[in-house]
Each structure stands twice: as C-alpha cells, then as structure tokens.
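S.K.: can't give you the sequence, but here's the structure:
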C-alpha cells in the first residue's frame, strides 16, 4: 500500500517564508517613500488654491495675507493646515510667495525640515514651485529642488 503525502514539507514552508521576507524587505521601504511623497503632494494641494486668490488681489491692488483678521487680501487659507505652517510674503512690487513649512504633527518626520514654496514672479506673472530642503524622491511632480 502506498502512502500519500498530505500537506507541505518543512523545506517548502521555509522557502515560502524566505520569499515573503524578501518581498517585505523590498516593499516596505518603497511603500514608506510612497506615503511620504503622497503627504508632500497633499501639502502642495493645500496651498495651491492660494495662487488664484493672490492673482485676484494683485489685480485689485491689494497685498495678499493669510490671516482672517482683515478681509482685505485674505487668501482663504489660514496659518496652519493639516501638513503646513503657511506664510504669505510679498508686496505688489515684489515677488509673492506662498510657503508651506512641513512641520505640523500630521507630516512625516522626514519632511520636517523641508518646505514647499509657490513663488510668483512680479516681472513675468508666472508661478514656480520649489521645495527647499526636500529629498528629490519626495518631490511633488510640479516642484523642483532649490
């Protein structure tokens, strides 16, 4: 009478565990980098609507700001968002910037020393995104390192 094998041998199980370990070792860091880049992109999306408001206030001859205490020039984004500490700097005759310092509790620690900055050139009227202090692998698609 022949004996039929049921189940898996120890070596087969060890091979499966080794394969899972290798996939986890490669996959987890890639996933963490992906989530950090997603946070940076979300932070950029939090401040991007300010560009349109800044343009409106420039057309009206009003200096933009991010404090609601005075409605003249208020861009509609407060001083903090989920990922950002927001600041608006500039005058009608200088470059306007909308900055996001990624130092809020919701932001990943690897982003804590970096920021995202939209800068409007007063001479050209165009916007440019830069990311001072940010690792290139976390950059949102619209930004460049500076």
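M.R.: That came through, no problem. Remember, it's a predicted structure, so these values are computed and weren't measured experimentally. Residues are numbered from 1 along each chain as shown.
S.K.: packing partners for the lengthiest helix in the chain?
M.R.: In the chain, with assignment by DSSP state H, the single longest helix is helix 10-47. In terms of contacts (3 or more Cβ pairs under 8 Å, 6 or more residues apart in numbering; DSSP states H and E), helix 10-47 is packed against strand 96-101, strand 115-120. For the C-beta atoms, the positions are set from N, CA and C on the backbone; glycine is no exception.
S.K.: just the ones you listed: most buried one?
M.R.: Compared across the helices and strands packed on helix 10-47, strand 96-101 shows the largest average neighbour count, a mean of 23 (mean count of other Cβ atoms under 10 Å).
S.K.: mind checking the SS state of residue 58?
M.R.: Following DSSP: H, G, I helix; E, B strand; the rest coil, residue 58 is assigned to helix.
S.K.: pLDDT at it, what is it?
M.R.: With respect to pLDDT, residue 58 has a value of 90.
S.K.: looks like it contacts residue 92 (just checking).
M.R.: Yes - between residue 58 and residue 92 there is a contact under Cβ atoms under 8 Å: 6.4 Å.
S.K.: so how far is residue 34 from residue 119?
M.R.: Distance from residue 119 to residue 34, counting by Cβ to Cβ, to the nearest Å: 27 Å.
S.K.: settle it for me: which of residue 58 and residue 92 has more neighbours?
M.R.: Remark: of residue 58 and residue 92, residue 58 carries more neighbours, 18 against 13, as counted by other Cβ atoms under 10 Å.
S.K.: could you measure the more buried one against residue 19, distance?
M.R.: Look at residue 58 and residue 19: by Cβ to Cβ, they are 58 Å apart.
S.K.: next one: residue 7
M.R.: Using Cβ to Cβ, we find residue 7 at a distance of 18 Å from residue 19.
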